[in-house]
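1. My questions are about this predicted structure, shown below with the sequence.
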Amino acid sequence: MPCGFTLEQTVDEAARLRFVDEWRRRTSGGTPRVYAVNGSAYFNRPGPRIVDGLEILLEIIQPHRSPVRWEGTAWQRLV
């Protein structure tokens, strides 16, 4: 969740990082999960959108407890 980046910019930058491949290798028997989020809009500034950010994290971390509402607009799975 880089500050000042949209979701699209975050996804583009993450694709250029070499250590994303390292994340894929560093699993503990499971599939790694790496997500990009729109940090600028939902996490990096104070205000009511912080609540939206918590809902986004709930959707990512415990999808069975939340309807998918933010995927594709506020977050995207990278790995």
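-> Sure thing, it's come through.
2. How many neighbouring residues does Thr10 have?
-> Neighbour count of Thr10, defined by other CB atoms under 10 Å: 22. In short, each C-beta sits where N, CA and C put it, glycine included.
3. Glu71 now?
-> 14.
4. Give me the pLDDT for it.
-> Per-residue pLDDT puts Glu71 at 94.
5. Kindly report the same for Pro63.
-> 89.
6. how many neighbours does it have?
-> 11.
7. just Ala36 next, same as before
-> A count of neighbours around Ala36, defined by other CB under 10 Å, yields 22.
8. what does the one 5 residues further on give?
-> Here the number of neighbours of Ala41 (other CB under 10 Å) works out to 18.
9. list the contacts for it?
-> Thr6, Arg49, Ala74 (CB atoms under 8 Å, 6 or more residues apart in numbering).
10. and it, helix, strand or coil?
-> helix (DSSP: H, G, I helix; E, B strand; the rest coil).
11. how about low-confidence regions in the protein?
-> Within the chain, the stretches with pLDDT under 70 are 18-32.
12. chain center to the longest helix along it, what's the gap?
-> Looking across the chain with DSSP state H, the single longest helix is helix 49-61. On the basis of CA atoms, centre = their mean, to the nearest Å, helix 49-61 sits 10 Å off its chain's mean C-alpha point.
13. Stretch 44-64 now?
-> 10 Å.
14. CA atoms only: put it into CSV for me.
-> Extracted C-alpha coordinates of stretch 44-64, given in CSV (Å, rounded to 0.1, in the frame of the first residue of the first chain):
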residue,chain,number,x,y,z
ASN,A,44,-2.5,6.4,4.3
ARG,A,45,-4.6,9.3,5.5
PRO,A,46,-7.0,9.9,8.4
GLY,A,47,-10.7,10.2,7.9
PRO,A,48,-13.9,8.1,7.4
ARG,A,49,-12.3,6.0,4.7
ILE,A,50,-10.2,4.3,7.4
VAL,A,51,-13.4,2.3,8.1
ASP,A,52,-13.5,1.3,4.4
GLY,A,53,-9.9,0.2,4.7
LEU,A,54,-10.8,-2.1,7.6
GLU,A,55,-13.6,-3.6,5.5
ILE,A,56,-11.1,-4.1,2.6
LEU,A,57,-8.7,-5.9,5.0
LEU,A,58,-11.6,-8.1,6.3
GLU,A,59,-12.5,-9.0,2.7
ILE,A,60,-8.8,-10.0,2.0
ILE,A,61,-8.0,-11.8,5.3
GLN,A,62,-11.3,-13.5,6.0
PRO,A,63,-13.3,-13.5,2.8
HIS,A,64,-15.9,-16.0,4.2
